[in-house]
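Peer 1: just to be clear, the model below is a prediction. Sequence and coordinates:
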Amino acid sequence: MPQHQHNPLLLAAPLPPFADIRAQHVVPAIEHALAQAQATLDEVLRASGTPGWATLIEPMEAMGERLDRVWSPVRHLHAVVDTPELREAYQACLPLLSAFNTALSQNTALYQAYRSFASGPGYTALSAPQRRVVDNALRDFQLGGVALQGAQRERFAAIQTRLSDLASRFSNNVLDATQAWSLSVADEGALAGVPASALAAARQSAREAGVPGLRLTLDLPCYLPVMAYAEDAALRKRLYEAYATRASDRGPDAGRFDNGPLLHEILVLRQEKAALLGFANYACYSLERKMARSPDEVLAFLRDLAVRSRAVAQAELDELTRFAAQEHGVASLAAWDIPYYSEKLKRRRFDISQEDLRPYFPVHRVIRGMFDIVERLFAIRIRDRTDVVTWHRHVSFHEITDADGTRLGALYLDPFARASKRGGAWMDVCRTRMRRGAKVQTPVAYLTCNFTPPVGDQPATITHDEVTTLFHEFGHGLHHLLTQVDIPSIAGIGGVEWDAVELPSQFLENWCYEPEALALISAHHVSGEPLPATLLDRLRAARNFQSGMQMLRQVEFALFDFRLHMEYQPGLDVLALLDEVRNEVAVLHPPEFNRFAYAFSHIFSGGYAAGYYSYKWAEVLSSDAYARFEESEVFDRDAGADFRREILERGGERDALACFVAFRGREPAIAALLRHSGIEPPPAADAA
Ligand code: ZN
């Protein structure tokens, strides 16, 4: 078809030339890719005889990879250089893809083909990773309800549709409630204490809204600095009330975007869905794709963390209370006072702020230094390629090779914020490793951040928090890029249990605090000097400021989420359950009007239902993995080689636990996390 010849998404190029992709290419390319996928599926199902690896699994794996290779650049460009035309084309593709995927997961004939393969001699002859591919597919079919019959099947489909609608309404309510509220401040004096950067943003926001003076909103870049720095307690209280009651029956917009009814319906339907699939509750259903083996194991893990952290958290709160009383004459700390006095106390104790460190971290120095660090750790080489056309002049392209020059993978790095780019930082898959006969397709990743772009001829500099974010995302990137698995669904981050996927990312963050590593990533943008020892010491000391309180907060959210999905019955009082959890684990008790649960998008509209515990779960693994380097040295070559071979290269080809044990020589232990969080002291020998 001639019109396809100029569509870069349809060409068999190893990488799409992003600069040439136009919105009008998108829908025809996706339609074409879906038609190809359907043809593959039809062929697989038509094939006579017993289904085998080469006639069933391989074509299905290749089909999924091919479809994603066309869709991934579209999804990515929509996120980072969006235009109204591209967005329209993107939206037009979503229902096409969703219809195809739903039909695929409900395809009884395909499910039967997998089942008959799994029960035959072909399966027994497979390698362990190959068997895992088949097992994962069968599990996903079953969790997708393919085995249900008649009325149950229809009910399941209706629940799925309704749940996805409720999730999007839930997050829209949170977004709308956040945006609906604002506060105009005529006089800058009312914002005494707030940093200049936040004031400038508030002035800009007022200009854009066509109101005089400054405009405060509930967006985090405004909300957080006001809560941490505004001297006026009444102002902080107003913002806190508005924020803590978003999308609820309380507060300044009470009832306008109320998520209360949605939240209950979501919980009812999730339990019904789990019951249809034969699970006792939704928490059990959620654990099917996770490393944790049972609800009891998760509950015990969280409760143990709470018990161990409690004394430290209480001591931190006591210190804060004393500080506010003695230094500022505040008799009792309200919820809206905590961040404010915490910031003052932190400044007093460590004399350090994120802004102090910024001049030492020019972005390009940090990026090159980060590459140097992983080159040393994992014996790889990272080379800049300037001949690859990208979608923006700020985007760089880097190729990763093994010590012997073998090509391993490549990444696009897009560091700076700009209009038409979604906020936040993330790693996404451009292309996955896959073997086709003798040829191997190497993986490619997108690494996206939103750092402040360079102004004039000044180099762009970033805060230490942002350095950590970059390392975090690059850790995910290495998991995707260093994989040696040739089957897409278990290569890289594919098929890795949900609660273990943050292991490489959190692991790499640790090098942001190591003096030897900081020497590689820091250089004052004027003098070129590395971060001075005094600032380095303060940075390391401040790392665990109030970490006991932070730990309990995460445990509170995780325990609430998990119990909610385990215990929910129609009529259950969600707020009472949250109170119960707080009484068990928290040292801080928010005011009665707080409606945190009504805006808990992670669990009601994100993928974290009965899975919020994953953050801490994975941190046990990442802390304990890093401890092996502490026990020897931070650039220990053997430990680096083992981490690469046993974890990064393995992807999802075996259990996360097996990967960890192969690296560490034993099962994960919690001690390192507690020590790194300042909750339990290091052993006496280390302390000396
Ligand atoms: Zn992450």
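Peer 2: Looks like it came in fine. Residues are numbered from 1 along each chain as shown.
Peer 1: C-alpha only now, for contacts and for neighbours.
Peer 2: Noted.
Peer 1: pull the number of nearby residues for Ala89.
Peer 2: Ala89 is flanked by 21 other residues according to other C-alpha atoms under 10 Å.
Peer 1: my read: it touches Gln24, true?
Peer 2: Yes. Here Ala89 reaches Gln24: they are 7.4 Å apart, a contact under C-alpha atoms under 8 Å.
Peer 1: with just CA atoms, put the strand or helix carrying Met227 into CSV.
Peer 2: Per DSSP states H and E: Met227 is located in helix 220-229. Only the C-alpha atoms of helix 220-229 are listed here, as CSV (Å, rounded to 0.1, in the frame of the first residue of the first chain):
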residue,chain,number,x,y,z
LEU,A,220,2.7,20.1,45.1
PRO,A,221,5.4,22.6,43.8
CYS,A,222,3.2,25.3,45.5
TYR,A,223,1.7,23.4,48.4
LEU,A,224,4.9,21.9,49.8
PRO,A,225,7.0,25.1,50.1
VAL,A,226,4.1,26.9,51.6
MET,A,227,3.6,24.2,54.2
ALA,A,228,7.4,24.0,54.9
TYR,A,229,8.2,27.7,55.0
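Peer 1: tell me the angle of the helix or strand that that helix is followed by relative to helix 220-229?
Peer 2: Next along the chain after helix 220-229, taking DSSP H and E as the criterion, comes helix 233-244. Interaxial angle, helix 233-244 versus helix 220-229 (axes from the mean of the first three to the mean of the last three C-alpha atoms, to 10 degrees): 140 degrees.
Peer 1: now whatever helix or strand comes next after helix 233-244: buried residues?
Peer 2: Along the chain past helix 233-244, the next helix or strand (assigned with DSSP H and E) turns out to be helix 260-276. Going by neighbour count (16 or more other C-alpha atoms under 10 Å), the buried part of helix 260-276 is 260, 262-274, 276.
Peer 1: ok, now stretch 174-182?
Peer 2: For stretch 174-182, by 16+ other C-alpha under 10 Å, it's Val174, Leu175, Ala177, Thr178, Trp181.
Peer 1: mind putting these into TSV with secondary structure?
Peer 2: Output for the buried residues of stretch 174-182, formatted as TSV (DSSP: H, G, I helix; E, B strand; the rest coil):
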residue	secondary structure
Val174	helix
Leu175	helix
Ala177	helix
Thr178	helix
Trp181	coil
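Peer 1: Leu97: which of these is nearest?
Peer 2: Leu175 (25.5 Å; C-alpha to C-alpha).
Peer 1: do you know how far that closest one is from Arg75?
Peer 2: According to C-alpha to C-alpha, to the nearest Å, Leu175 stands 21 Å off from Arg75.
Peer 1: do you know how far Gly477 is from Gly409?
Peer 2: Using C-alpha to C-alpha, Gly477 is found at 10 Å from Gly409.
Peer 1: which of those two has more residues huddled nearby?
Peer 2: Taking other C-alpha under 10 Å, Gly477 and Gly409 do not tie; Gly477 has more neighbours (27 against 24).
Peer 1: what bits of the stretch 301-450 of the chain have low per-residue confidence?
Peer 2: Within the stretch 301-450 of the chain, no range satisfies pLDDT under 70.
Peer 1: all strands for it, in order.
Peer 2: 380-385, 396-402, 407-416, 426-431, 434-436, 439-441, 444-451 (DSSP state E, counting those that start in this stretch).
Peer 1: let's have the ones you listed in JSON lines, adding distance to Arg169.
Peer 2: Shown next, in JSON lines, are the strands of the stretch 301-450 of the chain (distance: least, C-alpha to C-alpha, whole Å):
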{"stretch": "strand 380-385", "distance to Arg169": "43"}
{"stretch": "strand 396-402", "distance to Arg169": "37"}
{"stretch": "strand 407-416", "distance to Arg169": "31"}
{"stretch": "strand 426-431", "distance to Arg169": "24"}
{"stretch": "strand 434-436", "distance to Arg169": "38"}
{"stretch": "strand 439-441", "distance to Arg169": "40"}
{"stretch": "strand 444-451", "distance to Arg169": "27"}
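Peer 1: between the ones you listed, which one is closest to Ala558.
Peer 2: strand 426-431 (22.4 Å).
Peer 1: count the residues that sit near Gly49.
Peer 2: 7.
Peer 1: pop the domain breakdown of this structure in here.
Peer 2: Following automatic domain parsing, one gets these domains for the chain: 2-105+107-143, 181-244, 260-352+546-612.
Peer 1: and Glu399, which of those domains is closest to it?
Peer 2: domain 2-105+107-143 (13.2 Å).
Peer 1: helices or strands up against the lengthiest helix in the chain?
Peer 2: Scanning the chain for the longest helix, with DSSP state H as the assignment, gives helix 295-328. Packing partners of helix 295-328 (3 or more C-alpha pairs under 8 Å, 6 or more residues apart in numbering; DSSP states H and E): helix 282-287, helix 338-350, helix 547-567, helix 574-585.
Peer 1: taking helix 547-567 as reference, get the angle to it.
Peer 2: 140 degrees.
Peer 1: and helix 295-328, what's buried?
Peer 2: 295, 298-299, 301-303, 305-306, 309-310, 312-314, 316-317, 320-324.
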